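Participant: Got a predicted model here, sequence first, then my questions.
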Amino acid sequence: MTDLKFAPIACAFLMVCCAPVSPSGGSGKLDYWGNRPGPQGFGTVIIDAGHGGHDSGAVSRHTGQREKDLTLDLAKRLQSELGSSFRTVMVRTDDRFVDLDDRVTFANRYPDAILVSLHFNSGAPGTRGPETYYWRVDSHGLAVRCHSAMKSLASDSSSRKMVRRRLRLTRNPEIPCLLLEGGYLSNSAESRTISSSEYRQKLARNIASAIRAQAASGDNGTGPKPPFIKSPPSRPTDAADS
Ligand SMILES: [Zn+2]
């Protein structure tokens, strides 16, 4: 999760559709604050490959891999793993920059959808493990499922947890939304794990399973919901962002 440059660059969004829209969306009436139960029966998954273009995101000094390439790779694998179960919409399918606010605007065109933003992390050399960022109450259950799905692949007893943080991609969309960090590129061992296409395929498979479980069961079995926190939208001027 590295800082983005916020230059307003016009972008063209790419869409890839694999299945018809389900008419039976379970997200319910839009709630500006996202204070509602998690989605069930949704028909569309918006897959956001983090970074792109001049914004490379994190770069592994161990493998030389760039976050923007890995997120796009993972996004395509996730789309493939979701198959025809959902309509999938890709925010980007090539190496281009998309402003965070434009990603939010794009996501808001799909009221019967969830948004999953894919990233890889950077931090202290010893830090490792997947992380899941969410903010809204309606995104908690999906966050629990996706975090558990990613952690089950961790090669050690990683202590990374779900993080409730108000980011532009966790607070501002009008649909349930998550930001997933698939591990630390700054950690030597984990960076090498992430460089394996087999690992990225497993990561995509597990995230797809979590999304399917949420669509089938909603928040059932994901534990108590967090308290509602009224907050303004996250802005580029906020200190932390994805
Ligand atoms: Zn990132």
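Facilitator: It's in.

Participant: what residues does the longest helix seen in the chain touch?
Facilitator: The longest helix of the chain (DSSP state H) is helix 197-217. With contacts defined as CB atoms under 8 Å, 6 or more residues apart in numbering, helix 197-217 is touched by 26, 38-42, 45, 70, 73-74, 77-78, 80-82, 85-86, 114, 116, 141-142, 145-146, 148-150, 152-153, 180, 182, 193-194. For every residue, glycine as well, the C-beta is placed using N, CA and C.

Participant: 6 Å - rerun?
Facilitator: 42, 74, 77-78, 81-82, 142, 145-146, 149, 153, 182, 193 (CB atoms under 6 Å, 6 or more residues apart in numbering).

Participant: who wins for neighbours among those residues?
Facilitator: Neighbour counts for the contacts of helix 197-217, by other CB atoms under 10 Å, peak at Leu142, which reaches 29 neighbours.

Participant: Okay, and that one sits in which element?
Facilitator: Using DSSP states H and E, the element containing Leu142 is helix 140-151.

Participant: Tell me which other helices or strands that helix touches.
Facilitator: strand 131-134, helix 197-217 (3 or more CB pairs under 6 Å, 6 or more residues apart in numbering; DSSP states H and E).

Participant: make it 8 Å
Facilitator: For helix 140-151, the packing partners by 3 or more CB pairs under 8 Å, 6 or more residues apart in numbering; DSSP states H and E come out as strand 131-134, strand 162-164, strand 177-184, helix 197-217.

Participant: Just give me how far that helix sits from the chain centre.
Facilitator: Relative to its parent chain, helix 140-151 has a centroid offset of 11 Å by CA atoms, centre = their mean, to the nearest Å.

Participant: swap in stretch 228-235?
Facilitator: Chain-centre distance of stretch 228-235: 19 Å, with CA atoms, centre = their mean.

Participant: What mean pLDDT does that stretch get?
Facilitator: Stretch 228-235 shows an average pLDDT of 86 in the prediction.

Participant: which residues sit against that stretch?
Facilitator: For stretch 228-235, contacts defined as CB under 8 Å, 6+ apart pick out Trp33, Asn35, Trp135, Val137, Arg166, Leu167, Arg168, Thr170, Arg171, Asn172, Asp241.

Participant: Would you map the helices across the chain?
Facilitator: Applying DSSP H to the chain gives helices spanning 67-82, 100-107, 140-151, 168-171, 188-194, 197-217.
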